[in-house]
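**Q** structure for this input, please:
(4 chains)
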There are 2 protein chains.
Amino acid sequence: MATPSIKEVAHRAGVSVGTVSNVLNRPWIVAPDTRQRVQDSIRALGFVRNEAARHLRAGRSRTVGLVVLDVSNPFFTNLAEGAEALAYEHDTVVMLCNSKTDPVREGHHLDQLEQQRVMGILITPFDSADPRLQALVSRGTPVVLVDRAADSGLCSVSVDDQLGGRLAGNHLIESGHRRIAFIGGPFTMQQVADRRTGITTTVEKADGVELQLFEVDVMGVVEGRAIGERIAALPARARPTAAFLANDLLALGFLQAMSVAGLQVPRDMAIVGYDDIDFARAAAVPLSSVRQPAELLGRSAMELLQEEVEAADRHRHRQVIFQPDLIVRESSDYVRR
Amino acid sequence: MATPSIKEVAHRAGVSVGTVSNVLNRPWIVAPDTRQRVQDSIRALGFVRNEAARHLRAGRSRTVGLVVLDVSNPFFTNLAEGAEALAYEHDTVVMLCNSKTDPVREGHHLDQLEQQRVMGILITPFDSADPRLQALVSRGTPVVLVDRAADSGLCSVSVDDQLGGRLAGNHLIESGHRRIAFIGGPFTMQQVADRRTGITTTVEKADGVELQLFEVDVMGVVEGRAIGERIAALPARARPTAAFLANDLLALGFLQAMSVAGLQVPRDMAIVGYDDIDFARAAAVPLSSVRQPAELLGRSAMELLQEEVEAADRHRHRQVIFQPDLIVRESSDYVRR
DNA sequence: AAGCGGCATTTAGACGATTCAATCCACCAC
DNA sequence: GTGGTGGATTGAATCGTCTAAATGCCGCTT
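**A** Below you'll find the model as predicted:
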């Protein structure tokens, strides 16, 4: 009843377990007729390899962990698809884990992955300085940071978030905005901090532009809507005329709040999001957004990991950085006099 | 250098491996000072349990596979979150796999999961009659169908898709539409077939209403846009005045195409989608949609699986069916005279 | 006929954790 | 002093697969 093992396959084929294993792993060294007999036996019994046993024996698994901040953010699922595409070619499996921007959940997933002795971990960490991450690495699990630059101690694949912030900032300032909101969070997250730094430096260089900061715990549609309501309720005089949001989910929620509050986008409020997810262009008012090459990020991260795993000793950590693009759509396409 | 094993922990603590294992699994039977010594040793060496070994010994893993049709569809990520929430409580891990509506990829994932001897599999299958699925089950892996009703041979959690189709159909007919398009695919997928049957029966009961069918390979934004362009190009006389799309991604793409083609929604074209994903209400024209309780689906499926795994022998397969709700928003809120 | 090379196959440990029967020891009762 | 009791600990077998070394076998050469 239970799944048959290699032993039963061997018995039925009248050979030893070693031979069966050879058929499975180096079929060419087995005599053709023996091979045939074994293969028949495998089929007849419905034998399925036991990955746990292989893994135990081999000492390393064929699974890669991918820990992202939010699976319901299309940015991360696109990223995951990129990673998985490459994994597929290397006959490895991707285990997608959702930390929900929660260090506790993140830690839990890392523990699980380490116990599974995964080949390696791709992670968009909540905090890349987390000592637990360091410990993980020092205990021998290769880690590649994704969407987050590492210092020389790790491989990483990221996008220049400060540039992203500057692009958005420049665009809004050039469009004549003088009160701009930056919305994102938590500010301790490097991605958010960098995007903020980017727009901050731009604003500081310009004369008479004020930047208002709004922090959220989680960057989802709901939070964007909430902040939007708060801002819409401000007296027009104090209210920013443009908002730069640290991701598109926030921006979409924010946009909804504007429409509910009866504010016109982009006339009363210009909006720029981040990530350029597919839904951005389908929004009520098509959303301007800073585009990141999500799939490429995932793919490159996996590439670096494969490299590290295979080269093992002579591997040098690398930090790959991509450039973001600003995509201007209707939501910010309005020049303020 | 390599991760230490239980043996080294035992040696350092001056006890046998059995004792270490006891500290890990039944700490209360170990004398307090011995326990302390072992725990210190564990900490000092940075010992991490080897899941592969545990699994091999135990014969069953603590992982559940979840195979969905499209991870970038928020419906499925919501569903995944529901499943994972429950898994978390049971100290099990969810492995999220993306079949991309491709039987080959689906098969590949099932193979991988079976090799890993997962506790069980939750799957939204491409084709629930697939003999491979049957084989999998007969070899002993518990399977629960998700978003897809099973016959008595399996547990399943689904939503009444025919009802969903009828709700959409009634709504559109009552709004005065006489030429309605149904768009989805592949038609061989049960969910799609049922939604279609639902609207078809409704249309047949009404006088003088015509239903036009459009089939797509994959239900994504891109495909929706393509079909939208095709339909927008029809002469107004032949063009349907309303479209019911088998998921929201299609609907969002379709909506975009309407706007590009200069057709007003809902006046020139009413639109009803399916799933009611978060983005539906944030769309250019807020989208009417048939809502499915995605998280609940995931949660319930996991519940059934846990039940099957634990009760083992005295388990009776159950088919849980939820009811969908029609959410009417602006995209179909227009009565045609 | 003995020896040898070469191929096909077998044998026998690992791998790391779990578990259960067996052992050990201290203490108490008689 | 003997036997018993019970709690703490140990030892050894086991899970399924892989692999390196060993064996067996055949035919060929010398």
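**Q** which residues of chain A lie near DNA strand C?
**A** Near DNA strand C, the residues belonging to chain A are A:14-19, A:22, A:29-31, A:33-34, A:53, A:56-57, A:59 when assessed by C-beta under 7 Å from any atom of the strand. Placement of C-beta: from N, CA and C, glycine included.
**Q** right, and A:Arg196 touches A:Gln212 too?
**A** No - proximity of A:Arg196 to A:Gln212 does not meet the contact threshold set by C-beta atoms under 8 Å, at 11.6 Å.
**Q** in the stretch 1-150 of chain A, which spans are strands?
**A** A:63-68, A:93-98, A:120-123, A:143-146 (DSSP state E, counting those that start in this stretch).
**Q** tell me the strands beside the first one, with direction?
**A** Read that as strand A:63-68. Pairing partners of strand A:63-68, with direction, according to DSSP bridges: strand A:93-98 (parallel), strand A:120-123 (parallel).
**Q** mean pLDDT lowest for which of those strands?
**A** Averaged per stretch, pLDDT over those is lowest on strand A:93-98, reaching a mean of 93.
**Q** residues touching A:Ala294, list them.
**A** A:75-76, A:78-79, A:82, A:275 (C-beta atoms under 8 Å, 6 or more residues apart in numbering or on different chains).
**Q** angles on the backbone of the residue nearest to A:Ala238 when sequence neighbours are not counted, please.
**A** Counting by C-beta to C-beta, 6 or more residues apart in numbering or on different chains, the nearest residue to A:Ala238 once its immediate chain neighbours are dropped is A:Arg179, at 7.9 Å. With angles defined as degrees, to the nearest 10, A:Arg179 sits at phi -120, psi 110.
**Q** over to A:Thr124?
**A** phi -100, psi 100.
**Q** which residues are in contact with it?
**A** Neighbour list for A:Thr124: A:67-69, A:76, A:145-148 [criterion: C-beta under 8 Å, 6+ apart].
**Q** pull the most distant pair out of these.
**A** The two members of the contacts of A:Thr124 with the most space between them (C-beta to C-beta) are A:Phe76 and A:Leu145, at 14.1 Å.
**Q** those two: which is more packed in?
**A** Applying other C-beta atoms under 10 Å in any protein chain shown to A:Phe76 and A:Leu145 shows that A:Phe76 carries more neighbours, namely 28 against 24.
**Q** close enough to count as contact, the more buried one and A:Ala83?
**A** No - A:Phe76 is beyond contact range of A:Ala83, at 10.2 Å (criterion: C-beta under 8 Å).
**Q** and the gap between A:Val48 and B:Gly140?
**A** 10 Å (C-beta to C-beta, to the nearest Å).
**Q** next one: A:Arg291
**A** A:Arg291 is 47 Å from B:Gly140, by C-beta to C-beta.
**Q** among these two, which residue is more densely surrounded?
**A** When A:Arg291 and B:Gly140 are compared for neighbours, A:Arg291 comes out ahead with 20 against 14, by other C-beta under 10 Å.
**Q** in contact with the more buried one, which residues?
**A** Counting by C-beta under 8 Å, 6+ apart, the residues that A:Arg291 touches are A:275-276, A:324-327.
**Q** which residues are in contact with the most centrally placed residue in chain A?
**A** Among the residues of chain A, the one closest to the centroid is A:Phe76, at 4.2 Å (C-alpha atoms, centre = their mean). Going by C-beta under 8 Å, 6+ apart, A:Phe76 touches A:68-70, A:124, A:294.
**Q** just A:Thr19 next, same as before
**A** A:Thr19 neighbours (C-beta under 8 Å, 6+ apart): A:10, A:13, A:30, A:34, A:38.
**Q** do you know how far the residue in the stretch 1-150 of chain A that DNA strand C sits nearest to is from A:Ala301?
**A** Closest contact between the stretch 1-150 of chain A and DNA strand C, by C-beta to the nearest atom of the strand, is at A:Gly18 (2.8 Å). Per C-beta to C-beta, A:Gly18 is found 39 Å from A:Ala301.
**Q** now A:Arg105
**A** With C-beta to C-beta as the criterion, A:Arg105 and A:Ala301 are 20 Å apart.
**Q** strands of the stretch 201-337 of chain A, residue ranges please.
**A** Under DSSP E, counting those that start in this stretch, the stretch 201-337 of chain A gives strands at A:210-215, A:242-245, A:270-275, A:288-291, A:319-322, A:325-327.
**Q** ok, back up a step: overlap of the contact sets of A:Arg196 and A:Gln212?
**A** A:Phe182.
**Q** got a list of what the closest residue to A:Ser21 other than its chain neighbours touches?
**A** Among residues not flanking A:Ser21 along the chain, A:Ile6 sits closest, at 6.3 Å (C-beta to C-beta, 6+ apart). For A:Ile6, the contact set (C-beta under 8 Å, 6+ apart) comprises A:17, A:20-21, A:24, A:47.
**Q** re earlier: tell me which two in the residues of chain A next to DNA strand C are the farthest apart.
**A** Greatest spatial distance among the residues of chain A next to DNA strand C (C-beta to C-beta): A:Asp33 and A:Gly59, at 34.0 Å.
**Q** of the two, who's got more company?
**A** Taking other C-beta under 10 Å, A:Asp33 and A:Gly59 do not tie; A:Gly59 has more neighbours (11 against 8).
**Q** quick one on the thing from earlier: mind putting the contacts of A:Thr124 into TSV with pLDDT?
**A** Listed next are the contacts of A:Thr124 as TSV, based on pLDDT from 0 to 100:
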residue	pLDDT
A:Val67	97
A:Val68	96
A:Leu69	95
A:Phe76	96
A:Leu145	97
A:Val146	96
A:Asp147	94
A:Arg148	91
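**Q** so A:Leu297 makes contact with A:Pro324?
**A** No - the criterion here is C-beta under 8 Å, and A:Leu297 misses it with A:Pro324 at 11.0 Å.
**Q** what do the two both touch?
**A** Shared contacts of A:Leu297 and A:Pro324 (C-beta under 8 Å, 6+ apart): A:Val159.
**Q** so A:Trp28 versus A:Arg43, what's the distance?
**A** On the measure of C-beta to C-beta, A:Trp28 and A:Arg43 end up 20 Å apart.
**Q** whoops, A:Gln256 was the one
**A** Distance from A:Gln256 to A:Arg43, by C-beta to C-beta: 56 Å.
**Q** who's more crowded, these two?
**A** It is A:Gln256, of A:Gln256 and A:Arg43, that has more neighbours when counted by other C-beta under 10 Å, with 21 against 10.
**Q** next to chain B, which bits of the stretch 151-300 of chain A? Give me the list.
**A** Within the stretch 151-300 of chain A, the positions adjacent to chain B are A:221, A:252-253, A:255-256, A:278-279, A:281-286 by C-beta under 8 Å from any C-beta of the partner chain.
**Q** just the CA atoms of stretch A:53-65, as CSV, please.
**A** The C-alpha coordinates for stretch A:53-65 follow below in CSV (Å, rounded to 0.1, in the frame of the first residue of the first chain):
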residue,chain,number,x,y,z
ALA,A,53,16.2,10.1,1.3
ARG,A,54,18.1,11.5,-1.7
HIS,A,55,18.5,14.7,0.0
LEU,A,56,19.7,13.2,3.3
ARG,A,57,22.2,11.2,1.4
ALA,A,58,23.4,14.0,-0.8
GLY,A,59,23.5,16.5,2.1
ARG,A,60,21.8,19.2,0.0
SER,A,61,18.4,19.7,-1.3
ARG,A,62,17.2,20.7,-4.7
THR,A,63,15.0,23.4,-3.4
VAL,A,64,15.5,27.2,-3.3
GLY,A,65,13.6,29.4,-0.9
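**Q** all good on my end, thank you.
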